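Novice: got a sequence here, can you build the structure:
(2 chains)
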2 protein chains.
Amino acid sequence: MKIALAQLNYHIGNFDSNVSKIVDGIRKAGEAGADLVVFAELAISGYPPRDFLEFDDFINQCNDALEQIALHCQQVAAIVGLPTRNPHKKGKPLYNSAAFIAEGKVQHFTHKTLLPNYDIFDEYRYFEPNRFFEVIRFKGHKIALTICEDLWNVQDNPLYTVNTMDELAGLAPDFIINIAASPFNYRQTAVRTEVLQRNARRYKLPLFYVNHVGAQTELLFDGGSLVMNSRGELVSELSYFEEDFRVFDLEEANRPGPDFERVDYTEIEAIHDALVMGIRNYFEKLGFTKAILGLSGGIDSAVTSVLAAEALAAENVYNVLLPSQFSSAHSVNDSVRLAENLHMPYDTIPIEEAYKTFGKILEPYFKGLPFNIAEENLQARIRGVILMALSNKFGYILLNTSNKSEAAVGYGTLYGDMNGGLSVLGDVYKTQVFELARFINREREIIPENIITKPPSAELRPGQKDTDSLPAYDILDEILYQYVEQRKGPKEIVAMGFEEKLVKRILWLVNSSEYKRYQTPPMLRVSAKAFGMGRRMPIVARYLS
Amino acid sequence: MKIALAQLNYHIGNFDSNVSKIVDGIRKAGEAGADLVVFAELAISGYPPRDFLEFDDFINQCNDALEQIALHCQQVAAIVGLPTRNPHKKGKPLYNSAAFIAEGKVQHFTHKTLLPNYDIFDEYRYFEPNRFFEVIRFKGHKIALTICEDLWNVQDNPLYTVNTMDELAGLAPDFIINIAASPFNYRQTAVRTEVLQRNARRYKLPLFYVNHVGAQTELLFDGGSLVMNSRGELVSELSYFEEDFRVFDLEEANRPGPDFERVDYTEIEAIHDALVMGIRNYFEKLGFTKAILGLSGGIDSAVTSVLAAEALAAENVYNVLLPSQFSSAHSVNDSVRLAENLHMPYDTIPIEEAYKTFGKILEPYFKGLPFNIAEENLQARIRGVILMALSNKFGYILLNTSNKSEAAVGYGTLYGDMNGGLSVLGDVYKTQVFELARFINREREIIPENIITKPPSAELRPGQKDTDSLPAYDILDEILYQYVEQRKGPKEIVAMGFEEKLVKRILWLVNSSEYKRYQTPPMLRVSAKAFGMGRRMPIVARYLS
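Specialist: Residues are numbered from 1 along each chain as shown, chains lettered A, B, ... in the order given. Sure, this is the predicted structure:
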C-alpha cells in the first residue's frame, strides 16, 4: 500500500483555497499511484479557526467543502481534518474530526480524544472529546487514526486521564496515522520527535505524521511531517517551513532509519526561517505586498528590516529613518548603509520640527516641568504618526521592531514604537536578536558591524543607554526566561543565584506592564511561551507588582 | 443554624487585601452569631487569576493565605474558594476548590465538577474536573456544596455529560450552597435567577448563593448574592454593584417569597451602574485617581466623561477639547457646557498647528495626492499624542471613548481615538449610548441636548457624517447584534429582512477589522458577547471578508 503525505499551507476560513489545495493533493496522489493521501488536522477550515467555530454558517461551509472533496476520492482514499457536529444531546456542539473518505464518499469520522487547552490551545472551548474507539479498515490493513494531541499524553505526569493509543492498541492496528496542527517553537522538533518515538516504541507500530506548514497570524507551523518505523527510528521527513508532498510505501515504514540524514537546524536558523515565513504569510494571506518600518540605527530594526527583505523582496521594504536631536550621526549612517547593502528603499524624515511644535503646544500645560518620560514618549509617538501616515497613504503594513526583552519589561512606548500590524521580534529575546544578526551576517556584512557592537540605546535623551535602566541583557534575558517561560517565582529565581532586589524589580516590571502588552500587535511565536494568545494574564492585579 | 453571605470585591493576586477582607467577614459573622460564613469562588486569589495559576509560587501563596484564614475560624465555620493542587498523578495540576473550614482548620475540600470554558472562561485550561461527590456535614445538616457552573448544566441541551447536583442529590442534602464568580451582563440577572430556580425546584432544596462583586479589568461582577427557597422563590437578595454582608437563619430559606421586593433595574440602569463600578475599580485597583479624555462634542465622549465623573469625582476628570479646522463651533461650545455642568476641569488645545507641521513634513512624500483616510487618521493621532503626553506628564489614565458599533466595523483610528487604558463604551452599541445619555439626563440636562440630537460625525473632513459611510445606527446595531452576539451567518441575517448587500458589507467590515480590535484597550463587558477575551477571532483569515 502506498500512502501520500500532503503538508500544506492553509488559509483560515478560505474554503475555496483550502479545498483546491486538498483536491490538488488528491490528484497528485492518484498520479503517483498512492492508495491513500493524508492531510492535516482541521485542514478544511485552517487552524486555528477559533470562534468562527461558533458560527453555524462556518460549520456548514466546512461540511460543504468536505462533500466537494469527497467527489474527488474515487480512486484514492483520503484522510482530512475538519470540525463536525456532535449529534448527541449532551456535550459540546462539535468534534475535532478526521474524515476517512474512499470511493467518493465519507466512510468514517474519527474524533479527537485529547483536546489541548493550554498555552495557545483552546480546543476544549469548542469540542467534545471522543469516547469511542475504532480502527479504520482499508485494503486489508487496520489503521489507528489519531489527531495531534491524541499521541501527546505520554509524559510521566499525564495531563489527561485517558490515553487514545492505549484504547486503540487493543484493536490490533497495523500502523498509526497522526494528523496534526503542531506549532513551531525553537525546541519543538526535538520534543515532537521524542513524543512520536515514545508512541512508536510503546505500541511497536510504524507512524505516519502529517503537520500543517505556514503562518496563521502569530502561530508558525513548521511542517516536518514524517514517517517513523516501529522502533522509533526516523525513516523520512518532509520539508520544514514549506509545503511538501511525498508518497511512501507502507513497507518503507519498516526499514531501519540509519540511511536517512535529518536536516540539522540550529535554534537560530530555525528561528530565522520561521520568522521569514511568518512575515511572508502574514502579508500574502492578507493580500499585502509592501512593508514599512522605522530604522533607528539599532539592532532590532536592522534585523527586522533584513528579515522583511528576505520575506517580501528588498524593494518591498520601505525603511524610514526618523532622527531626532538626540539621534547620533552613526545611527543615521549605519541605517543608510544597511538599506543600501540590500538595495532597499529608504527616506530620512527628521522629527525635530514636529517635536518642537508639540513642545510649543504643550508648553502652557507642562509649565517648565523637567524633561521626563513624557518627552521621551513624545518622540516615539511622533515617529509612529509619520510611519502610520505613510502606511495609510500607500498601503504599507507597518512592522513592529520591539524584541521580547523590551516587551517583557515594558521598555517601549504605546502608540509609538509599539505600533505595527505585526511584531517580528516580539518573541525573540535581545540576546537572540544579536545571534540572529550574526547569523544574517554569516557570509557577508549585511548588517553594519557597528549596529551589532554599539551599546543598545533608545536615543530618547542625550547619552541614554539601555543599561541606564535595565541590567545587562544576558542577565535580564535569563531572569525573564525563568519567569516567563519556566514560570518560576521570585524565590526560585533568587535561589539560582540572581540578586534578590534585581529579580523583584524585573518581575515587578513584567507584571506591571501587562496593560502595554495587551495593546501590542500579534508577535510571531518562536518560543514555547510567547506573549499574546498563549500567555493570559490579568491587567488589574497585584501579584509581585 | 445561621449562615452569613459575604459578597466582597477581591483584588487578583493581592493576598494581603483578600485575606484581610475574608478575616473581617469571619469576625463580622462571629459578632452576628452566625455558625457559617460563605465567601465566593476563588476568593483568596481573586477571579479570574488566569495564568498566575501556572506559577507554583502563586499556588503556594494561596495555600498560605488559607492557613492564615483558618486560624480565624475557631468559633465560626467558613467556606472559601481557592485553587488547590491535584494530588493525583494523572490530570491537570489544579482543582478549583471550596475549602470548608471549622474549628480552626480545613475539614474538607470540595472541587468544582463543571469547568466553564466558553466566552470569557478558561477554566479547563487550569483545572481538573472533580469526579467524586460528597456532602459537607455540619451541625446536623448535610450541605450540597457546589461551585458556580456546577449548577448551570440545566439546559435542554446540556453542555456537560455529568450533572453535579444529580450526583449530590442521592446523598440527601438539606440545602445547596453555591459559591460563584458569575460576571454581569445586562441580561444576566434574569438568566441567573432562572438557572438557580431550576436547581431549587428540580432538587426541592433551598439555596444560598454567593457571588463576586466588583470589576476585574473588563469583567464586571454585579454581586446579587441571594437566598432561594425550595420552591424557587427568591427569599432575599444582596446588593448589586457593591459589597454586602448579610446573615440568614436557615429556616428563613424556607419562608415563601412574596414579601420580598426585588430591586427592578432596567437594562440601561444596570449598564450605567456596571460601567461606573468598572471605571472606579480599574483606577482604585491600579492605584490611580485621575482620568483624562478627549471631549469631541460627540455623544460617546460626553457619556464617557459623565460616567468617569460619577466614578472618580468630577474634579478628577480632565477633559481636553482638541478642535481641528474641521471641528464645528457647536462641538467646542457643547463640550465646554458639559464640563461646566459638572464642574470638571477642561482645556482647549487646538491641533491645527500640529496638523500643518505634519502636512509640511509629509508633503515631499504625499506629493499632492488627494486628502484621504491618511489625513483623517493624522488628526486622530495628533489628538492621541497630546492626550498621552498629558497622561504621561501628570499620571492621568486616558479613557477610550469608542463605542461597540464603531469597534465592530473598525470605524476608529489605531493609535489615535482608539487609544486608552480602558475602553468605557467598547461593549455599548451606539443606540445604547443614546439611551445612556437620556438616562444621565433623566433629572436635569447634564449632557447638552444638542450633543444628543445632532447627527453623529467624526469631524475629520468638512461636512462629514457617520451615515456617509455607515447605515443608520439602529440598522447597523441590529445587524451587529445578530452577527456578534447571536453568531448568525449572512444567510440567516438576510432572512430576517436586511438587505443582502448591506449585510455582506457589515460582516466584511467586522471580520476585516479584527487586527484593529486586537490592539484596543480592554473594554468593560456589559453584554453576553463583548469584544476582547470572550471573543477570539483569527486576524489573518478569509471568512466573509
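
Novice: would you confirm that A:N392 contacts B:F371?
Specialist: No - using CB atoms under 8 Å, A:N392 makes no contact with B:F371, being 11.7 Å away. C-beta here means a position set from N, CA and C on the backbone, and glycine is covered the same way.

Novice: who has more neighbours out of those two?
Specialist: Neighbours of A:N392 and B:F371, each counted by other CB atoms under 10 Å in any protein chain shown, are more numerous for A:N392; the result is 20 against 11.

Novice: give me the distance from the helix or strand where the more buried one lies to the chain's centre.
Specialist: Assigning secondary structure by DSSP states H and E places A:N392 in helix A:373-394. Using CA atoms, centre = their mean, to the nearest Å, the distance from the centre of helix A:373-394 to the centre of the chain it belongs to is 27 Å.

Novice: likewise for stretch A:48-63?
Specialist: Computed by CA atoms, centre = their mean, the chain-centroid distance of stretch A:48-63 equals 22 Å.

Novice: any part of that stretch near chain B?
Specialist: Yes - using CB under 8 Å from any CB of the partner chain, stretch A:48-63 reaches chain B at A:48-52, A:54-58, A:60.

Novice: and for stretch A:85-101?
Specialist: Yes - for stretch A:85-101, a contact with chain B is found by CB under 8 Å from any CB, at A:89-92.

Novice: please tabulate those in TSV, including the columns secondary structure, distance to A:I299 and neighbour count.
Specialist: As requested, the residues of stretch A:85-101 next to chain B are arranged in TSV below (DSSP: H, G, I helix; E, B strand; the rest coil; distance: CB to CB, whole Å; neighbours: other CB atoms under 10 Å in any protein chain shown):
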residue	secondary structure	distance to A:I299	neighbour count
A:K89	coil	59	9
A:K90	coil	56	14
A:G91	coil	51	17
A:K92	coil	47	19
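
Novice: for B:S301, state which of these is nearest.
Specialist: Nearest to B:S301 out of these is A:K92 (CB to CB; 41.4 Å).

Novice: isn't the closest one up against A:N86?
Specialist: Yes - using CB under 8 Å, A:K92 is in contact with A:N86, at 6.5 Å.

Novice: pretty sure A:A6 sits in a helix.
Specialist: No - in this structure, A:A6 is strand, not part of a helix, as judged by DSSP: H, G, I helix; E, B strand; the rest coil.

Novice: contacting residues for the nearest residue to A:D300 once chain neighbours are set aside?
Specialist: In space, and not counting its chain neighbours, A:D300 is closest to A:T401: 4.7 Å by CB to CB, 6 or more residues apart in numbering or on different chains. By CB atoms under 8 Å, 6 or more residues apart in numbering or on different chains, A:T401 lies in contact with A:293-294, A:296, A:300-301, A:304, A:417, A:420, A:424-425.

Novice: show me what from the stretch 401-545 of chain A comes close to chain B.
Specialist: Residues of the stretch 401-545 of chain A lying close to chain B (CB under 8 Å from any CB) are A:414-415, A:419, A:421, A:487-492, A:515, A:518-522, A:533, A:535-545.

Novice: buried subset of those residues as a ChimeraX selection?
Specialist: Listed next is the ChimeraX selection for buried residues among these, using 16 or more other CB atoms under 10 Å in any protein chain shown:
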select /A:414,415,419,421,487,488,489,490,492,515,518,519,520,521,522,533,535,536,537,538,539,540,541,542,543,544
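
Novice: JSON lines for the residues of stretch A:85-101 next to chain B, including pLDDT and distance to B:D119?
Specialist: Listed next are the residues of stretch A:85-101 next to chain B as JSON lines, based on pLDDT from 0 to 100; distance: CB to CB, whole Å:
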{"residue": "A:K89", "pLDDT": "93", "distance to B:D119": "22"}
{"residue": "A:K90", "pLDDT": "95", "distance to B:D119": "20"}
{"residue": "A:G91", "pLDDT": "97", "distance to B:D119": "17"}
{"residue": "A:K92", "pLDDT": "97", "distance to B:D119": "13"}
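
Novice: so which of the residues of the stretch 401-545 of chain A next to chain B are in helices?
Specialist: A:490-492, A:515 (DSSP state H).

Novice: what's the weakest-modelled helix or strand in chain A?
Specialist: Least confident helix or strand of chain A, by mean pLDDT, DSSP states H and E, is strand A:234-237 with a mean of 92.

Novice: what strands flank that strand, and is each parallel or antiparallel?
Specialist: Applying DSSP bridges, strand A:234-237 is found paired with strand A:226-228 (antiparallel).

Novice: and the contacts of the partner strand?
Specialist: Applying CB under 8 Å, 6+ apart, the external contacts of strand A:226-228 come out as A:5, A:193, A:196-197, A:200, A:206-209, A:234-238, A:248, A:252-253.

Novice: and stretch A:265-282, by the same measure?
Specialist: A:9, A:184, A:186-187, A:189, A:214-218, A:220, A:222, A:240-242, A:291, A:307-308, A:310-312, A:397, A:399, A:421-422, A:424-425, A:428, A:432, A:435-436, A:439-440, A:524, A:526, B:540.

Novice: among the contacts of strand A:226-228, name the buried ones.
Specialist: A:5, A:193, A:196-197, A:200, A:206-209, A:234-238, A:248, A:253.

Novice: of those, which is the nearest to B:G140?
Specialist: Distances from B:G140 to the buried ones among the contacts of strand A:226-228, taken by CB to CB, are shortest for A:L196, at 57.7 Å.

Novice: three-state assignment of that closest one?
Specialist: Applying three-state DSSP: A:L196 is helix.

Novice: how close does it get to A:I120?
Specialist: Distance, A:L196 to A:I120, by CB to CB, to the nearest Å: 20 Å.

Novice: just A:R187 next, same as before
Specialist: When distance is defined by CB to CB, A:R187 is 15 Å away from A:I120.

Novice: could you do A:D347 as well?
Specialist: Look at A:D347 and A:I120: by CB to CB, they are 37 Å apart.

Novice: for the two, indicate the residue with more neighbours.
Specialist: Neighbour totals were compared for A:D347 and A:I120, and A:I120 leads with 17 against 14 (other CB under 10 Å).

Novice: residue contacts, A:N392?
Specialist: By CB under 8 Å, 6+ apart, the residues touching A:N392 are B:372-374, B:377.

Novice: spatially nearest residue to it (excluding sequence neighbours)?
Specialist: Distance criterion CB to CB, 6+ apart; nearest residue to A:N392, sequence neighbours excluded, is B:A374 at 3.9 Å.

Novice: end-to-end on stretch A:508-519?
Specialist: End-to-end distance of stretch A:508-519 (CA to CA, to the nearest Å): 19 Å.

Novice: for the stretch 251-400 of chain A, just list every one of the helices.
Specialist: Taking DSSP state H, counting those that start in this stretch, the helices of the stretch 251-400 of chain A run over residues A:267-286, A:299-312, A:329-341, A:352-366, A:373-394.

Novice: which secondary structure elements does the second one contact?
Specialist: Yep, that's helix A:299-312 we're talking about. Packed against helix A:299-312 by the contact rule (3 or more CB pairs under 8 Å, 6 or more residues apart in numbering or on different chains; DSSP states H and E) you find helix A:267-286, strand A:291-294, strand A:317-321, helix A:329-341, strand A:397-400, helix A:430-440, helix A:449-453.
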